[in-house]
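Q: Generate coordinates for the sequence data below:
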Amino acid sequence: MSPVDQFISVVVPLHNDAKVVRPFVMETLAVLARNYSQYELVLVDDGSKDETVPLLNELLSRHAGLRLLQLSRSFGAEVAVTAGLDSSIGDFVVVMGPDRDPPADIPRIVSVAQQGFDVVMGVPDPAPGEGWLSRKLRSLCRRAFSRFTGLDLPECSSLFLCFSRRALAAISRIKQKNRHLHLLSCSVGYSSTQMRYRSIWRKGARKDRLAQTIPHLMSTAIKNSSYPLRCVTYSAASASVLNLLYMLYIAGVNLVKGRVAEGWTTLSLQISVMFFFLFSTLVMIAEYLAHAAEESKERPLYHVLDERTSDSQILGAQCRNLLILQEPAQHEFTT
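A: So this is what the prediction gives:
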């Protein structure tokens, strides 16, 4: 099968993107039709509250090659992408955002994957609408995250990704509820590379807030690495050793000197330091226990409220490249 004849899937998570969804879909379909004979555009609505779904229904009735997965509520972008990946049928699957990732670069990222790479990660140049301070702080947070956790998170990586079918099959078998596609992509061990591209800024696009990025990185660090817990363990052990040495020092002073003045400052400082490490340890343990409890729940990763396809299909769309899992899928359909 020639590269042009391979089936290409494009998965796009949407959440309150009514202002950008129409131009994005039109541009993406034009790029796919111009470069491939078999393709699909999988649009995953992550519980939008605006006019996103009505607009998508209108597009479905007018254009071929579209599929809509409507989740029952908002599960987050990573889970929405997972739902789209589970449903995709392509030999190569591209993931992208509707606001900043350029559809014109779909052939380029697919071409890189066709050279033998199972995972291609897009690394964007600064978007025109992103401020210098926000960009620097975001980059600093990601570097600190990688250094602190030991997890190799690509700096300034975006949602623009491309997977081969075998890489996607491996990632789909990971049942972890806390999803981070870049970390999952690195963990499967398949060949990967990065591709730089120039991001865009669509009018009406939602701006990412740094206040949302930092908690997400902290949650990802705690739920994907034991390194933070190890740091707390080492700190608590060091504090215990220092406390023991201090106790020996007090005993030595009492043996050498006949009379020792009582000092409440030293005692208060010692108690404060020990309680600080004690409660820091309890906080970290509580976070890991909460994560373990969440992972142990037998809940589906997401629920699909509705699934629709275009009234007309692309020629060859019946040649499905479906993934057969050895374990039950982590999703269910609700009516």
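
Q: any idea how far Gly97 is from Val21?
A: According to Cβ to Cβ, to the nearest Å, Gly97 stands 11 Å off from Val21. Bear in mind the C-beta positions are built from the backbone N, C-alpha and C, glycine included.

Q: for Ser61, same thing?
A: Between Ser61 and Val21 the distance is 15 Å, computed by Cβ to Cβ.

Q: Who has more neighbours out of the two?
A: Between Ser61 and Val21, counted using other Cβ atoms under 10 Å, Val21 has the larger neighbour count: 26 against 12.

Q: State the phi and psi torsions of the more buried one.
A: phi -70, psi -40 (degrees, to the nearest 10).

Q: what do you get for Arg67?
A: Dihedral angles (degrees, to the nearest 10) for Arg67: phi -130, psi 140.

Q: Repeat that for Ser191.
A: Main-chain torsions, Ser191, degrees, to the nearest 10: phi -60, psi 140.

Q: wait, isn't it in contact with Met121?
A: No - using Cβ atoms under 8 Å, Ser191 is not in contact with Met121, being 11.9 Å away.

Q: what's around the residue lying closest to Ser48 once chain neighbours are set aside, how many residues?
A: Spatial nearest neighbour of Ser48, excluding adjacent residues (Cβ to Cβ, 6 or more residues apart in numbering): Asn16 at 5.0 Å. Per other Cβ under 10 Å, the neighbour tally for Asn16 reads 16.

Q: Then Leu56?
A: Quick note: Leu56 (other Cβ under 10 Å) scores 23 neighbours.

Q: My guess is it contacts Val42. True?
A: No - between Leu56 and Val42 there is no contact under Cβ under 8 Å: 11.4 Å.

Q: so what's Pro98 up against?
A: Val12, Leu14, Asp17, Val20, Val21, Phe24, Arg202, Ala205 (Cβ atoms under 8 Å, 6 or more residues apart in numbering).

Q: now with 7 Å?
A: Val12, Leu14, Asp17, Val20, Val21, Phe24 (Cβ atoms under 7 Å, 6 or more residues apart in numbering).

Q: could these be laid out in a markdown table, adding secondary structure and pLDDT?
A: Below are the contacts of Pro98 laid out as a markdown table (DSSP: H, G, I helix; E, B strand; the rest coil; pLDDT from 0 to 100):
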| residue | secondary structure | pLDDT |
| --- | --- | --- |
| Val12 | strand | 96 |
| Leu14 | strand | 95 |
| Asp17 | coil | 91 |
| Val20 | helix | 92 |
| Val21 | helix | 93 |
| Phe24 | helix | 95 |
